[in-house]
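Undergrad: this one's sequence-less:
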């Protein structure tokens, strides 16, 4: 095998190995956002909305809970799972990276549904929900980039 080709392959493997660690850090941001909203829900405190108006309208809508549990709590669980899978992948378990991919694809699909609800049903946006959507998109992008680099 050509020495420069081997070097290029090793560089790609190193880059792909760093992506799960980056994903873990990003997932912590999502976890913080979701935990914040969950705490606000259970304490009954209003969520300050300084960038867009409509946080209260979104967070108190009938779509904000499933069986009395706030969606933010499910989001916290999803981000914790994504974080855990990414950490396991960063330490060399490639199977966990594949599970991470499944997790973030499901999160992205659900996020798209929630954005649809905010835009067309509730007709209001929550900045913290939009932050969560952006974080999910970043996690999905990291996973897709890892797949693209592996395919090369």
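TA: Thanks, I have the structure now. Since the structure is predicted, the reported quantities are computational estimates derived from the model, not experimental observations.

Undergrad: Point out where this structure drops to low pLDDT.
TA: Scanning the chain for pLDDT under 70 picks out the ranges 1-16, 152.

Undergrad: From the centroid of it, which residue is nearest?
TA: residue 136 (3.0 Å; C-alpha atoms, centre = their mean).

Undergrad: Residue 52 against residue 127, yeah?
TA: Yes. At 5.0 Å, residue 52 counts as touching residue 127 under the criterion of C-beta atoms under 8 Å. Yep, even glycine has a C-beta here, placed from its N, CA and C like the rest.

Undergrad: any residues in contact with both of the two?
TA: Here residue 52 and residue 127 have no joint contacts, going by C-beta atoms under 8 Å, 6 or more residues apart in numbering.

Undergrad: how about the closest residue to residue 117 other than its chain neighbours, secondary structure?
TA: Take residue 117 and drop its neighbours on the chain: the residue closest to it by C-beta to C-beta, 6 or more residues apart in numbering is residue 63, 5.3 Å away. For residue 63, the assignment made with DSSP: H, G, I helix; E, B strand; the rest coil gives coil.

Undergrad: Which residues lie in contact with residue 63 in this structure?
TA: Taking C-beta under 8 Å, 6+ apart, one finds 71, 114, 117, 121-122 in contact with residue 63.

Undergrad: What's the ChimeraX line that selects buried ones from those residues?
TA: Listed next is the ChimeraX selection for buried residues among the contacts of residue 63, using 16 or more other C-beta atoms under 10 Å:
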select :71,114,117,122
